[in-house]
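**Student:** output the structure for:
(one chain, ligands or ions: 2)
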Amino acid sequence: MTAARDFVRELAQENAAFWRGRDVRVDPGAPSAVRREQIRYRMRQGVYNELRSAELIAAWIPFVPERELRELLPGQLDDEQRHYQLLRRRLIELGEDPDAYRPLPEWEALFDWLVACRTRPTLEKLAMFQFAGETQSCEGFETLIALAEDVDLETAELYRTRILPDEYRHAAIGRKALTLLAESPAAQARARAACREMNEKVFAAYRAHRARVDRSA
Ligand SMILES: [Fe+2]
Ligand SMILES: [Fe+2]
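**Tutor:** Residues are numbered from 1 along each chain as shown. Ligands and ions are numbered 1, 2, ... in the order given. Now for the predicted structure:
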């Protein structure tokens, strides 16, 4: 039997392998004008994602009975709400109306599904969102920051200093949940399946995202 700690490391590697070359939202080779538009689109989508993340954490809190995990969630909710406000304010500074943006149906469906997962076991929920989802979004933010540095330094700094450190903490909540709860082979199989389910859904949303950016570019 694999110890929970070793299992968490293995599963993190499997998730990373799934994501290699699959974040299609931004194109590192694109000219700076195209990259600026891709980053701007990410921010519009980001406002929506942060708002829905706060909503989903609020929906999950009553269904996380494990005290040592549940007590971490209000802090996460607070972070996501602050990220929502920070990104929204930055878009307004850039002359945009963040409220005019309509999310892609694929993203809306992803969050609707996550909210509806609230009654699933804590192990599965936190494997999906905090462990798989937020670890991948940290990677995505690292890429975004690197690509934004020469086209929109202020936005890059906002992500680097005010958002990314919190997202790393959220991913750590996922690792903690799995370390505590994924002890038996059956629990480990459930956590692995939950990650796969989440990764596939997020990847489908990324593809839809990129198709829309390319149409508007
Ligand atoms: Fe966030
Ligand atoms: Fe987060």
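**Student:** burial of residue 191, as a residue count?
**Tutor:** Per other C-beta atoms under 10 Å, the neighbour tally for residue 191 reads 27. To be clear about C-beta, it is placed using only N, CA and C from the backbone, and glycine gets the same treatment.
**Student:** also residue 103?
**Tutor:** 19.
**Student:** nearest to ligand 1: which residue in this structure?
**Tutor:** residue 83 (3.8 Å; C-beta to the ion).
**Student:** which residues of this protein lie near ligand 2?
**Tutor:** Contact residues, the chain versus ligand 2 (C-beta under 5 Å from the ion): 134, 167, 170.
**Student:** let's go with 6 Å and repeat that
**Tutor:** Applying C-beta under 6 Å from the ion, we find that the chain lies next to ligand 2 at 53, 80, 134, 167, 170.
**Student:** tally of neighbours for the fourth one?
**Tutor:** Burial of residue 167 is recorded as 24 neighbouring residues (other C-beta under 10 Å).
**Student:** residue 212 versus that one, what's the distance?
**Tutor:** As judged by C-beta to C-beta, to the nearest Å, residue 167 and residue 212 stand 23 Å apart.
**Student:** now swap in the last one and tell me
**Tutor:** Taking C-beta to C-beta as the measure, residue 170 falls 26 Å from residue 212.
**Student:** between these two, who's got more neighbours?
**Tutor:** Neighbour count, other C-beta under 10 Å: between residue 170 and residue 212, residue 170 has more, with 24 against 14.
**Student:** ok, and the closest non-adjacent residue to that one?
**Tutor:** residue 134 (4.4 Å; C-beta to C-beta, 6 or more residues apart in numbering).
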